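**Student:** heads up, no residue letters with this:
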C-alpha cells in the first residue's frame, strides 16, 4: 500500500544509493553501460553543492527505512523547472507511488513560481511516458541517439501550469 510510504527530502546519505540503483537497474533493464552511474553522480553532486531550496527540491520515497524511489525538481531557466532522476525500484511499481512522486514534484514547481516544467527521458520508459501523458505533459521532441552504449530514442516532454 502506498499510504504507508513517506516522501522525505533528499539527504547526502542518499547519494550513493541513488547512483547504485540507477546504474544497476538501467544496466539490467536497458543494457546501459557503466557511463550512466557517473552522470547520475554528477547531477546529484551538483544538486547537493548548490541547489536553492526555495526553487529546487529532491524527494526520496521510503517505507520502513527502505528507499523505494526518487524525484527531483531543479531550475532549468527563470520560468521553467526540470524534472530529474525519477526512479522507482521494481518492488515499488504499481502502487501509485510514481503518480504521487510526480504530483509532489509538479506541485512544488508550481508553488516555487515556475510557469512550466520540462524533462528528458527515453522512449523505452513506457510506464513513465504513459504517466507523463496522463498527467498533461506534452511530448515535444523525439530523436534517435546512441547513449550509454545503446541505441535509444531520446525524448523531451513539457508541461505548462
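**Tutor:** Arrived safely, thanks for sending. Small disclaimer: the values here were computed from a predicted structure and weren't measured. Residues are numbered from 1 along each chain as shown.
**Student:** which residues of the chain fall in strands?
**Tutor:** Taking DSSP state E to define them, one finds strands in the chain at 6-9, 57-63, 66-75, 80-88, 116-122, 138-147, 150-160.
**Student:** as a whole number, average confidence for the top helix by length along the chain?
**Tutor:** Longest helix in the chain, counting residues (DSSP state H): helix 14-30. The average pLDDT for helix 14-30 rounds to 96.
**Student:** Kindly calculate the angle that it makes with strand 116-122.
**Tutor:** Calculated by axes from the mean of the first three to the mean of the last three C-alpha atoms, to 10 degrees, helix 14-30 forms an angle of 50 degrees with strand 116-122.
**Student:** list the buried ones in helix 14-30?
**Tutor:** 14, 15, 18, 19, 21, 22, 23, 25, 26, 27 (16 or more other C-beta atoms under 10 Å). Every residue, glycine included, has its C-beta placed from N, CA and C.
**Student:** so where's the protein shaky on pLDDT?
**Tutor:** 1-3 (pLDDT under 70).
**Student:** follow-up on the earlier one: same for the longest helix of the chain, what does it pack against?
**Tutor:** helix 36-50, strand 66-75, strand 80-88 (3 or more C-beta pairs under 8 Å, 6 or more residues apart in numbering; DSSP states H and E).
**Student:** Pull the distance from the second one to the chain's centre.
**Tutor:** Here the centre of mass of C-alpha atoms in strand 66-75, compared against the chain's by C-alpha atoms, centre = their mean, to the nearest Å, lies 6 Å away.
**Student:** And for stretch 99-108?
**Tutor:** That offset, for stretch 99-108, works out to 11 Å (C-alpha atoms, centre = their mean).
**Student:** Then stretch 100-110?
**Tutor:** 11 Å.
**Student:** Likewise for stretch 48-64?
**Tutor:** 11 Å.
**Student:** next one: stretch 91-104
**Tutor:** Distance, centroid of stretch 91-104 to centroid of chain: 11 Å (C-alpha atoms, centre = their mean).
**Student:** Could you check what's spatially nearest to the residue nearest in space to the middle of the chain, not counting adjacent residues?
**Tutor:** Of all residues in the chain, the one closest to the mean position by C-alpha atoms, centre = their mean is residue 86, 1.9 Å from it. Residue nearest to residue 86 in three dimensions, not counting chain neighbours: residue 71, with 4.8 Å by C-beta to C-beta, 6 or more residues apart in numbering.
**Student:** Now for that neighbour: which residues touch it?
**Tutor:** Going by C-beta atoms under 8 Å, 6 or more residues apart in numbering, residue 71 touches 58, 59, 83, 84, 85, 86, 87, 101, 102, 104, 105.
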